[in-house]
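K.L.:
Sequence below, structure please.
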Amino acid sequence: MADLPRAGASTNISAQTITAAAETIVVTSPAIAAPFGSMFVAVFGFLQMSTGAGVTGVTARIRRGAAVTGLAVGGANSVAAAASTAIATDLLVLDTLTAPDAAQYSLTIQQGGAPGNGTVNQATILILLF
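P.N.:
Numbering: from 1, shown residues only. Below you'll find the predicted structure:
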C-alpha cells in the first residue's frame, strides 16, 4: 500500500490587531512529522482583514516555523488596498523538505504606507506533505 500524504490545518476566527506596519503572524499550522528525507510541501494561506487608516497595500507571506523570523517560502503576495477597507487575499507556495523533520508554517501579514492598526477577521492555513 502506498504511503498517504500528510496534512494539517489551522484557522483563526478571532479578531486580531495588526499593529501599524509590523509583520504579524495571523495563523500557524500544526507541526506535521515528515516520514521521508525528501518531501514536497504545498502551503495554502487565506485571510480576510480590515486595513488601517493610511494603508496603501498589504503583503502576505508564508514563513517556515512559528516565528515571524522564519525563512520566507515562495514569493510575497502584495495587494494594493485602500485605507480602512475590507480585503481578502490568498497564496499558495511550494517548499521542499530535505531531511526528515516536522513541517510547520505560518501566514503573516504586513500593512504598507503610513498605516494605522488593521484587523484580521479570519485566517486559515493548510499544509499538504507529499
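K.L.:
Look up the closest residue to the residue nearest to the spatial centre of the chain, ignoring the ones flanking it.
P.N.:
Centroid-nearest residue in the chain, with Cα atoms, centre = their mean: Leu107, separated by 1.4 Å. Among residues not flanking Leu107 along the chain, Gly45 sits closest, at 3.9 Å (Cβ to Cβ, 6 or more residues apart in numbering). Where you see a C-beta, it was placed from the backbone N, CA and C, and this is true even at glycine.
K.L.:
What is the burial count for that neighbour?
P.N.:
The number of residues packed near Gly45 is 26, by other Cβ atoms under 10 Å.
K.L.:
And it, how close does it get to Ala53?
P.N.:
25 Å (Cβ to Cβ, to the nearest Å).
K.L.:
Does Thr108 touch Thr28 like I think?
P.N.:
No - judged on Cβ atoms under 8 Å, Thr108 makes no contact with Thr28 at a distance of 9.7 Å.
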